[in-house]
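1. Got a sequence here, can you model it:
(chains A, B, C and D)
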There are 2 protein chains.
Amino acid sequence: MVRQPYSSSSLKAELNSRGWRLTPQRETILHVFQNLPRGHHLSAEELFHLLQKRGEEISLSTIYRSVKLMTRMGILRELELAEGHKHYELNRPHPHHHHHIVCIQCNRTLEFNNDSVLKQSLKQAEKEGLQLIDCQLTIMTICPEAIRMGWPSALPSNWACTRAISESDPNRDIEEIEQEIAETESSEDN
Amino acid sequence: MVRQPYSSSSLKAELNSRGWRLTPQRETILHVFQNLPRGHHLSAEELFHLLQKRGEEISLSTIYRSVKLMTRMGILRELELAEGHKHYELNRPHPHHHHHIVCIQCNRTLEFNNDSVLKQSLKQAEKEGLQLIDCQLTIMTICPEAIRMGWPSALPSNWACTRAISESDPNRDIEEIEQEIAETESSEDN
DNA sequence: TTATTTGCAAAGGGTTTGCAATGTC
DNA sequence: GACATTGCAAACCCTTTGCAAATAA
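-> Numbering: from 1, shown residues only, chains lettered A, B, ... in the order given. As a prediction, this is how the structure comes out:
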């Protein structure tokens, strides 16, 4: 969005200028997010397991510390969708920037682009004299299945839509994600 | 937004139609949110303390259960700003609907209106065949003070802007909120 | 009367933190 | 060499849950 230090070297420069240090762990984590297929976002725990499977052991606390740091630097976006825990993804500059639609019943998530939201946000931030870091429009919806099931009454707590309204299912298996990353890995740019 | 059962009687009707019940606790909680001054949102804990001070003891678990229920019914909006815990406010219909600007350093929050965001959201939801319940645009910013303090480096963890960029400071004292509510209490409509 | 809701206390789950060891600048 | 960072385990905090008693319909 506003900041875009996506290469390891610019990450290093950015960190060092603040008296911080580039560590293999931070480099690895940045690398994972760089190669995450579009439409994916990882929780700290997911990132941890993903790295474990790759044989790159980074402790959970380091992961939590790193994503928090990178979020405060504006490198990552912290998403609070409806899963009950945070997800992270690269805070990409303009044309890749996107928003989310969530079903508040089944938590399935769908991405969409909308430039005018970004424009409105820039205008609004400027008006307040604040520097824009990110903007996130989250649209809460109810999917037709949930309505058919009798929403807003209590549905079985783990009920999920039969129709997949999501390309970026937060509940999918790590292995699936891992595989997609492997496929993307060729188009790498560090 | 989409749903608007704001009176006790329509809440009762809505609950009963689902086999649920109107309890004094639920009525009280709805009442608090109805009379919350514009620009305010409460966490479960804040709501708990506020009621305590009024002498209306509702257990924390009931509060958590109630706000969750009302959110799923579309009566409340669940806000995930930057405080680390959820806040709630009435999910108001059109002209009162609003969005938030947050400073990711000091968490101060500012409200703003923007009809076009709602329009865009309606269009997007419709396009996906989903029923809109709510939409929230959250603009993450950095305030000038934080930039001056050397952002994105680590600032003192409890550092806060000297300039108040918020009419709805999440950290304000409950008593203050309580007082404002008392002042608003006259323009009641149940 | 029957099923829901409450309140309490205990458990849960994601996230943070203290501290000694390690690694970066 | 000085100071940031890691990893581990314990602590934390917000939130949820089990269950018996109370209560709305």
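
2. so how far is chain B from residue A:76?
-> Relative to chain B, residue A:76 is positioned 11 Å away (Cβ to the nearest Cβ, to the nearest Å). From N, CA and C alone the C-beta is placed, and that goes for glycine too.

3. Show me which residues of chain A are close to DNA strand D?
-> Counting by Cβ under 7 Å from any atom of the strand, chain A comes close to DNA strand D at A:15, A:19-21, A:23, A:25-26, A:57-62, A:65-66, A:84, A:157.

4. one more time with 6 Å
-> A:15, A:19-21, A:23, A:25-26, A:58-59, A:61-62, A:65-66 (Cβ under 6 Å from any atom of the strand).

5. Would you mind writing the PyMOL command to select the buried ones in those?
-> To isolate the buried members of the residues of chain A next to DNA strand D in PyMOL, using 16 or more other Cβ atoms under 10 Å in any protein chain shown:
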select buried, chain A and resi 15+20+25+26+58+66
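
6. Could I get the residues of chain A next to DNA strand D in JSON lines, plus columns for distance to residue B:70, secondary structure and pLDDT?
-> Shown next, in JSON lines, are the residues of chain A next to DNA strand D (distance: Cβ to Cβ, whole Å; DSSP: H, G, I helix; E, B strand; the rest coil; pLDDT from 0 to 100):
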{"residue": "A:15", "distance to residue B:70": "44", "secondary structure": "helix", "pLDDT": "86"}
{"residue": "A:19", "distance to residue B:70": "47", "secondary structure": "coil", "pLDDT": "84"}
{"residue": "A:20", "distance to residue B:70": "43", "secondary structure": "coil", "pLDDT": "89"}
{"residue": "A:21", "distance to residue B:70": "47", "secondary structure": "coil", "pLDDT": "93"}
{"residue": "A:23", "distance to residue B:70": "45", "secondary structure": "coil", "pLDDT": "95"}
{"residue": "A:25", "distance to residue B:70": "42", "secondary structure": "helix", "pLDDT": "96"}
{"residue": "A:26", "distance to residue B:70": "42", "secondary structure": "helix", "pLDDT": "96"}
{"residue": "A:58", "distance to residue B:70": "40", "secondary structure": "coil", "pLDDT": "95"}
{"residue": "A:59", "distance to residue B:70": "39", "secondary structure": "coil", "pLDDT": "95"}
{"residue": "A:61", "distance to residue B:70": "36", "secondary structure": "helix", "pLDDT": "96"}
{"residue": "A:62", "distance to residue B:70": "39", "secondary structure": "helix", "pLDDT": "96"}
{"residue": "A:65", "distance to residue B:70": "36", "secondary structure": "helix", "pLDDT": "95"}
{"residue": "A:66", "distance to residue B:70": "37", "secondary structure": "helix", "pLDDT": "95"}
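
7. and the residues of chain A next to DNA strand D near DNA strand C, which?
-> A:21, A:23, A:61, A:65.
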